[in-house]
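Novice: Following is a predicted model, sequence given first.
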Amino acid sequence: MNEFEIIEHYFKLPLINQKEVKLGIGDDAAVISLSQDKELVVSIDTLVEGVHFLKGLSPKDVANKSLLVNLSDIAAMGATPRWITLSLTLPENNSVWLEGFSKQFNKLLKNYSLALIGGDLTKGPLSITIQAHGIIPKGKFLQRSGAKPGDYIYVTGELGAAAYALRYLKNTDDNLKPTNDELEKLNKPEPKIQTGLELRDIATSCIDISDGLFTDLSHILNCSKVGADVKLNDIPYSKTLLKLDKDLAIDLALTGGDDYELCFTAPSNLSKSDLEKKITTSKFFKVGRINQLDSKLNLIGDDKKIYKLKSVGYQHF
Ligand SMILES: [Mg+2]
């Protein structure tokens, strides 16, 4: 079983007498009714050294990555992040590491107007768990279900930068150096919070791209019970990918992961200029269209033929 099947099989129980829960397991975050006009959006993510980031990553970048990827899930719901809890597992009481981590962590909390309201500290292999809480007007949250046949599929930025940067850092055979922006995207992704807010009245579905467009768009298709055609020539490949072998570029852009862009669907009657009026805080690129085929994602290549990926997205199990 992969991670999604494990969750489905062992942990996705029916909710009993919980009318406050508007959205449970299976999206970027859960939604809980708070009052007549507000809902709470909650997500949690764990980053483990050597799994989610390379051993030896600076404490500053551990702070960047662990907090920003969590905020990306809140952004994908169209909510405003407000509070976080932090569970830190450290191999040792290292004041240099703690100084570097906390300095950057506190800086980010200030930049994003977040409050750290609790947590836990334990000894063990380096791992950081953050629970993020956001707030949203009642019924306004974006979710993975809701894409309709005919909707267009969009992404908010170039794909594959972080995946290529990681490959470059791990693989001494690669001699094409990623740009500074591409390297920064690996450890300091920019959560699309403002864009998430702008999408509330436009998008029919939304997800953040953490495991690669192929896997994450497939979540939208499964939750919405629709299929899609994606045109490989319309994918916004990150700059350095354009200089790589085409199959490798496609793999990195679609299955590499760590992009933390948003993927969303919107009705086809919204023109590019309609969208430009509403989406002012991010670029956006149309990459395909939702159809009625049974939750199948077709990648359409140069020759209009269906393209088969050489690898699959990141899987924990
Ligand atoms: Mg997510």
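Specialist: Great, that's in hand. Computed from a predicted structure; not experimentally measured.
Novice: For Asn64, which non-adjacent residue is closest in space?
Specialist: Lys188 (4.3 Å; CB to CB, 6 or more residues apart in numbering). For every residue, glycine as well, the C-beta is placed using N, CA and C.
Novice: ok now do that neighbour, which residues does it touch?
Specialist: By CB atoms under 8 Å, 6 or more residues apart in numbering, the contact list for Lys188 reads Asp61, Asn64, Lys65, Leu68.
Novice: what do you get for Glu20?
Specialist: Counted by CB under 8 Å, 6+ apart, Glu20 has contacts Ile32, Ser33.
Novice: and it, what are its phi and psi?
Specialist: The phi and psi values for Glu20, taken as degrees, to the nearest 10, are phi -70, psi -20.
Novice: Going forward, count from 133.
Specialist: Right, with 133 as the first residue, what we last looked at is Glu152.
Novice: Can you spell out which helices and strands pack onto the helix or strand that contains Asp177?
Specialist: Using DSSP states H and E, Asp177 sits within strand 170-180. If you count contacts as 3 or more CB pairs under 8 Å, 6 or more residues apart in numbering; DSSP states H and E, strand 170-180 packs onto strand 162-165, helix 191-208, strand 259-269.
Novice: Number of residues surrounding the residue of the stretch 283-432 of the chain found nearest the ion?
Specialist: Residue of the stretch 283-432 of the chain nearest the ion, by CB to the ion: Asp340 (4.4 Å). For Asp340, the count of nearby residues is 27 (other CB atoms under 10 Å).
Novice: do the same with Thr221
Specialist: Thr221 has 17 nearby residues by other CB under 10 Å.
Novice: residues contacting the closest residue in space to Asp177 that isn't next to it in sequence?
Specialist: Once flanking residues are discounted, Asp177 sits nearest to Asn202: 4.9 Å by CB to CB, 6+ apart. Asn202 makes contact with Ser175, Ile176, Asp177, Ile216, Ile262, Gln263, Ala264, according to CB under 8 Å, 6+ apart.
Novice: before we move on, the earlier item: please read off the pLDDT at the residue of the stretch 283-432 of the chain closest to the ion from the model.
Specialist: Asp340 carries a pLDDT value of 97.
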